[in-house]
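In: Starting from these lines, generate the structure:
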Amino acid sequence: MIHVQWQIKRGDLVKISPSNAPNTAPTYGVVLSREPYNDQVALFPVVMVYSFADGTEHQYYPYNLEIVSSTL
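Out: Model (predicted):
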């Protein structure tokens, strides 16, 4: 079994690259959730991120996020 270690923390600045729109420019946001969690509907862990592009919170999978600046 593979052990995945999460590096994303609350307050981290992340680059968001949505996978459902390949020709879209990446945006940035701040991680809001304290740790990745499993939603009842989602099969995989997600992270809540406040997006600067539209000013709302969205759930993102880890493969959509890249840490730009991390908090201690």
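In: residue ranges with poor pLDDT in the protein?
Out: 1-6, 20-22, 35-43, 72 (pLDDT under 70).
In: Strands of that one, start to end?
Out: 13-16, 27-31, 47-51, 57-60, 65-69 (DSSP state E).
In: Those strands into a markdown table, with extra columns for distance to residue 7 and mean neighbour count?
Out: Every residue, glycine included, has its C-beta placed from N, CA and C. A markdown table is the format used below for these (distance: least, CB to CB, whole Å; neighbours: other CB atoms under 10 Å):
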| stretch | distance to residue 7 | mean neighbour count |
| --- | --- | --- |
| strand 13-16 | 11 | 18 |
| strand 27-31 | 11 | 19 |
| strand 47-51 | 11 | 20 |
| strand 57-60 | 14 | 16 |
| strand 65-69 | 6 | 13 |
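In: For residue 24, grab the count of nearby residues.
Out: For residue 24, the count of nearby residues is 12 (other CB atoms under 10 Å).
In: Neighbours of the closest residue in space to it that isn't next to it in sequence, how many?
Out: Among residues not flanking residue 24 along the chain, residue 18 sits closest, at 5.9 Å (CB to CB, 6 or more residues apart in numbering). Look at residue 18: counted by other CB under 10 Å, it has 14 neighbours.
In: do you know how far residue 18 is from residue 71?
Out: 24 Å (CB to CB, to the nearest Å).
In: one step back: the residue nearest to residue 24 and residue 29 touch, don't they?
Out: No: taking contacts as CB atoms under 8 Å, residue 18 lies outside contact range of residue 29: 11.3 Å.
In: residues in contact with the closest residue to residue 44 other than its chain neighbours?
Out: Nearest non-adjacent residue to residue 44, counting by CB to CB, 6+ apart: residue 61, 6.0 Å away. By CB atoms under 8 Å, 6 or more residues apart in numbering, residue 61 lies in contact with 19, 44-47.
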